[in-house]
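Trainee: The sequence and its predicted three-dimensional model are supplied below.
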Amino acid sequence: MEIINTAIPELKVIQPKVFGDARGYFFESYNKKQWEAAGLHADFVQDNQSLSAKNVIRGLHFQKPPFAQGKLVRVVTGSVLDVAVDIRKGSPTYGKYVSEVLSAEKNNMFWIPAGFAHGFVALEEHTIFQYKTTAYYNKDSEGAIRWNDPDIHVEWGISEPVISDKDKVSPFFKDFESPFSYGAY
């Protein structure tokens, strides 16, 4: 497993070691010992999966404390542009984002700790997105920031996004009061 640093130090791209031959391939998508040896700590409690058509944007979502979630995300089929926005008050990278193309072909993953809003756009039809979380989902703790916020200005790379009604009316970053503080997670 290779852990790749990003422009925001807490966000990590993870490239597992893939063993392939004429039959196909095998890789460990998570190994607690390797994570801890790399200085990463997470107690995963829930796995989630979604299916998206091409150009579907899901996000930018998060769970508020005490149900804040870290996420280890990956693509099973297809590809996405995955985005994490720093929403930790006092952080030197507050309001900045990192994006990474995740694909079934590359088998790469993205670690997003609590304190970040998360979203993705499906780059292919029938994209299956899977993620592990460090806290259980809690409907009353849902939070979101507008996917096309002009202050964050995520470069989604598509011209005709498909957006849920809920995501169309999420608050803008300038109107958002973050429940997260830098260094608390």
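Mentor: In hand now; what should we look at?

Trainee: ok, Val162 - how many residues close by?
Mentor: 15 (other CB atoms under 10 Å). (Each C-beta comes from the backbone N, C-alpha and C, glycine too.)

Trainee: what's the nearest residue to it if we skip its chain neighbours?
Mentor: In space, and not counting its chain neighbours, Val162 is closest to Val56: 4.6 Å by CB to CB, 6 or more residues apart in numbering.

Trainee: Count the residues that sit near the one you found.
Mentor: 21.

Trainee: just the one 5 residues further on next, same as before
Mentor: Using other CB under 10 Å, His61 has 18 other residues around it.

Trainee: cool, Gly95 as well?
Mentor: The burial count for Gly95: 18, using other CB under 10 Å.

Trainee: Ok, the one 5 residues further on next?
Mentor: Around Glu100 sit 20 other residues, with neighbours defined as other CB under 10 Å.

Trainee: what's the longest helix in the chain?
Mentor: Using DSSP state H to define each element, the chain has its longest helix at helix 32-37.

Trainee: Which SSE is immediately downstream of that one?
Mentor: Where DSSP states H and E defines the elements, the next helix or strand beyond helix 32-37 is strand 46-52.

Trainee: strands paired with that next one, and their directions?
Mentor: strand 127-133 (antiparallel) (DSSP bridges).

Trainee: Can you check the distance spanned by stretch 117-128, start to finish?
Mentor: End-to-end span of stretch 117-128 (CA to CA, to the nearest Å): 20 Å.

Trainee: hmm, I was thinking of stretch 132-143
Mentor: Termini of stretch 132-143 sit 18 Å apart (CA to CA).

Trainee: Compute the mean per-residue pLDDT across that stretch, please.
Mentor: Stretch 132-143 shows a mean pLDDT of 97.

Trainee: That'll do, ta.
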